[in-house]
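K.L.:
Pasting a predicted model and its sequence here:
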Amino acid sequence: MASIVQPCDAGVILAGPPPAFFPAAARRWVLVATVLGSSLAFIDGTVVNLALPALQSELGAGVADMQWVIEAYALVLATLLLVGGVLGDRYGRRRVYAAGIALFAAASLACGCARSIHELIVLRAVQGIGAALLVPGSLTLISASFPRSERGRAIGTWSGFSSMTMASGPIVGGWLIDHLSWRWAFFLNLPIALVVLALLYWRVPESRDPDAPRRLDWRGALLVTSGLAAVVYALIDSPFRGWLDPRVMGCLALGIIALGGFVAAEARGEAPMLPLELFRSSDFSGANALTFLLYGALSAAFFFLPLDLIQVHGYSSTAAGAAFLPFVVVVSLFSRWSGGLMDRFGGRLPLVVGPIVAAFGFALIAVPGVSGGYWVTFFPGILVLGIGMAASVAPLTTTVMNAVDVDRSGAASGINNAVARLAGVLSVAVLSIVVVHTFSRSVDIQLDALDVSPALRETVRAEYVKLAGAGIPSGSDVRQREAIRRIIAESFVRSFRTMLSIAALLAVASSVLAALTIGARSPDTRADP
C-alpha cells in the first residue's frame, strides 16, 4: 500500500484560473468527476498490494516480480507527474484528464487479462502513464473551476470523499480477490472510469492556461525515467545475480550517468520540470528530504505488511485490507487537526514530533511473531503509525507550499509529490535486498540445525525468491514439512522485523532533519492573488 497517503497527492500544477469561472452547476459536476477519477489512483494504490500473494501463487511470481508489479507503475507515475500537469494546462485540462482516465482504464483491463507476470509488469507501466495524466488533473480542474473564496471548501470536499475511497478500497478489493480473482483488483477500475468519462463530456467544460509553457521538458523526463529504471533494476536484481554481475553493474552505471545528465539538463534548461533554484530554500529542501525518508519508510512497510498478514498469519485478502482501516481513518480524521497545529506552532514542532510517533508505530508493528490476534498484535502499531502520519502530512504539505512564491506553488507541489513516490520506488527496492538477505540467511542457519538431505535443502533454497510464499517440498515427510513451514514463517518475520527497524530509523532521521532545517514558524506572508 505504498501510495495510501501522499503529500499533495493530486495537486501537481495549481495553474492560474481562467478569467471567468465555471457556473455553480458545472462546478458540482467537476467535484464529482475529480473525486471519482482520483479514486482510481487511490484504490489502485491500496488494492494491488493485497493481490501480490495471489499473483505469487497463480503466476509463480518471485519477490523481484512482485516488486516490479508495484515499481513499474510507481516509477512511471513519479517521473511523468510534472509533464502530465503541464500537458493539461497547455492542451486542455478536461481533455488530458479524460485521456488519462481512458488510458488507465484500458491498461487496467489489460492487466486483469494478463497471462504472465512479465506481461503484467509491462502493462502496469502503461497504467502509470495514464495515472501521470489523471493524477495532476483532479486538483487542476478544481483550481481552474472555483474562485479562491470557494476553492478551499471544494478541495476539502474532494479530500474527504477521497479518504472514503481509501477506506473502502482495500475492503472491497480484498473481498473481490478472495471470492473472484486477483484480476478484479484491476477490473474494479473499469466501471468507475466509464462513469467519469461520461461526466466529463456531459457536464464538465474545458479549460486551459494560455500562459502555460510552450516547450515541454521531454529530455528531462526521458533522462530521469531511464536513469531511475536502470538503478531500480540493478537494486532488484542484485540479491539474485550479485553486485559483480555485468548486467547489474552496467545498469547501475548507466542509471547514475543518466541521472547526472538529468541534473545537468535541469540546471541549463529553459523550462525544466525540476527547477533547481527552489532547493535554495532550507524549508523546501528540508521538507523534501523529510518526505523522502518518511514516505520511503511507509512505502516499504506497506509493501511487505500484506505478505506478512496473508502468508504468515493466514489473513484473507479482505481481512488484510481491513487491517489497514485504523491507519486510514486516523489520517483522514486528524489531518485537518494537524493543519491547525501548523497554523499555531509553525512547521518544525509537528514535523519533529509526528515522525517520532510514526517510528514508534513501525517498532510496534515489528513486535508480533508468527501468531496472535489482530487487536493485540498489529492494531496498536497501525493505529500509532496513523497518528504519526496524521500529525505530519498537513504540516509537511503546508511547509512545502509556504517555502516558495505563489507562482511557483505548482512546481513545488509537483516536486514534493514526485519525491514521495520516488521514495517508495527506491525504498522498496533497497529494503527488499535487506529482506531477501535476512530471510535466506535465517533459513540457511535453521536448515543447518535440521537433519535434511542435500537435495531437500537445495529444493528449499530454490524457493527463496518467494519469501513467505515459498513452497514446501512434497518429497519430505510430515515432520520435516512442518519444520520447514515453521522455519520459513519465522525467517520471514525476522526479515520483516529488520526492515521495520530500518523504517523506524528512517522516520527518526526525518524528525532530526526537520529539527535542523525547518523554521520554527512558517507563516505564509505571500500576497493572496
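P.N.:
Good, I have the coordinates. Quick caveat, the model's predicted, so the values are computed rather than measured. Numbering: from 1, shown residues only.

K.L.:
Next, count neighbours for Pro191.
P.N.:
Using other Cβ atoms under 10 Å, Pro191 has 10 other residues around it. No exception for glycine: its C-beta is placed from N, CA and C like everyone else's.

K.L.:
just Glu119 next, same as before
P.N.:
Neighbour count of Glu119, defined by other Cβ under 10 Å: 14.

K.L.:
for the helix or strand that contains it, which positions count as buried?
P.N.:
Following DSSP states H and E, one finds Glu119 within helix 117-145. For helix 117-145, the neighbour count (16 or more other Cβ atoms under 10 Å) marks 117, 120-145 as buried.

K.L.:
got the phi/psi numbers for Leu274?
P.N.:
phi -130, psi 90 (degrees, to the nearest 10).

K.L.:
Spit out the contact partners of the residue lying closest to it once chain neighbours are set aside.
P.N.:
Spatial nearest neighbour of Leu274, chain neighbours left out: Glu266 (4.7 Å); criterion: Cβ to Cβ, 6 or more residues apart in numbering. When contacts are counted by Cβ atoms under 8 Å, 6 or more residues apart in numbering, Glu266 touches 217, 220, 272-276.

K.L.:
List buried residues within these.
P.N.:
217, 220, 272-275.

K.L.:
pLDDT and secondary structure for those residues - can I get that in JSON lines?
P.N.:
JSON lines is the format used below for these (pLDDT from 0 to 100; DSSP: H, G, I helix; E, B strand; the rest coil):
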{"residue": "Asp217", "pLDDT": "70", "secondary structure": "coil"}
{"residue": "Gly220", "pLDDT": "77", "secondary structure": "helix"}
{"residue": "Pro272", "pLDDT": "74", "secondary structure": "coil"}
{"residue": "Met273", "pLDDT": "70", "secondary structure": "coil"}
{"residue": "Leu274", "pLDDT": "72", "secondary structure": "coil"}
{"residue": "Pro275", "pLDDT": "75", "secondary structure": "coil"}
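
K.L.:
Mind putting the contacts of Glu266 into a markdown table with distance to Met66?
P.N.:
Shown next, in a markdown table, are the contacts of Glu266 (distance: Cβ to Cβ, whole Å):
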| residue | distance to Met66 |
| --- | --- |
| Asp217 | 32 |
| Gly220 | 30 |
| Pro272 | 34 |
| Met273 | 30 |
| Leu274 | 30 |
| Pro275 | 35 |
| Leu276 | 35 |
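
K.L.:
Of these, just say which sits nearest to Phe262.
P.N.:
Phe262 lies nearest to Gly220 out of those, by Cβ to Cβ, at 5.9 Å.

K.L.:
pretty sure the closest one is in contact with Ala267, am I right?
P.N.:
No: counting by Cβ atoms under 8 Å, Gly220 stays clear of Ala267, with 10.5 Å between them.

K.L.:
so which helix or strand takes in Ala418?
P.N.:
Under the criterion of DSSP H and E, Ala418 resides in helix 409-449.

K.L.:
so can I have TSV of the buried ones among the contacts of Glu266 showing distance to Val393?
P.N.:
As requested, the buried ones among the contacts of Glu266 are exported to TSV (distance: Cβ to Cβ, whole Å):
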residue	distance to Val393
Asp217	28
Gly220	28
Pro272	27
Met273	24
Leu274	23
Pro275	24
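
K.L.:
Next, count neighbours for Ser371.
P.N.:
Using other Cβ under 10 Å, the number of residues around Ser371 comes to 10.

K.L.:
Please list all residues in contact with it.
P.N.:
Residues near Ser371 by Cβ under 8 Å, 6+ apart: His313.

K.L.:
From Phe378, how far out is it?
P.N.:
Using Cβ to Cβ, to the nearest Å, Ser371 is found at 12 Å from Phe378.

K.L.:
Could you do Gly519 as well?
P.N.:
From Gly519 to Phe378 the distance is 37 Å (Cβ to Cβ).

K.L.:
Counting neighbours, go ahead and name the busier of these two.
P.N.:
The neighbour comparison of Gly519 against Phe378 (other Cβ under 10 Å) goes to Phe378, with 24 against 16.

K.L.:
what angle do the one helix or strand the more buried one maps to and helix 409-449 make?
P.N.:
Using DSSP H and E, Phe378 sits in helix 374-402. Helix 374-402 and helix 409-449 are oriented at 150 degrees to each other (axes from the mean of the first three to the mean of the last three Cα atoms, to 10 degrees).

K.L.:
Just the buried positions in helix 374-402, please.
P.N.:
377-402.

K.L.:
Likewise for stretch 106-120?
P.N.:
Across stretch 106-120, burial judged by 16+ other Cβ under 10 Å covers 106-112, 114, 117, 120.

K.L.:
And for stretch 262-271?
P.N.:
Across stretch 262-271, burial judged by 16+ other Cβ under 10 Å covers 262, 265-266, 269.

K.L.:
Quickly note the distance from Arg280 to Ala265.
P.N.:
According to Cβ to Cβ, Arg280 stands 19 Å off from Ala265.
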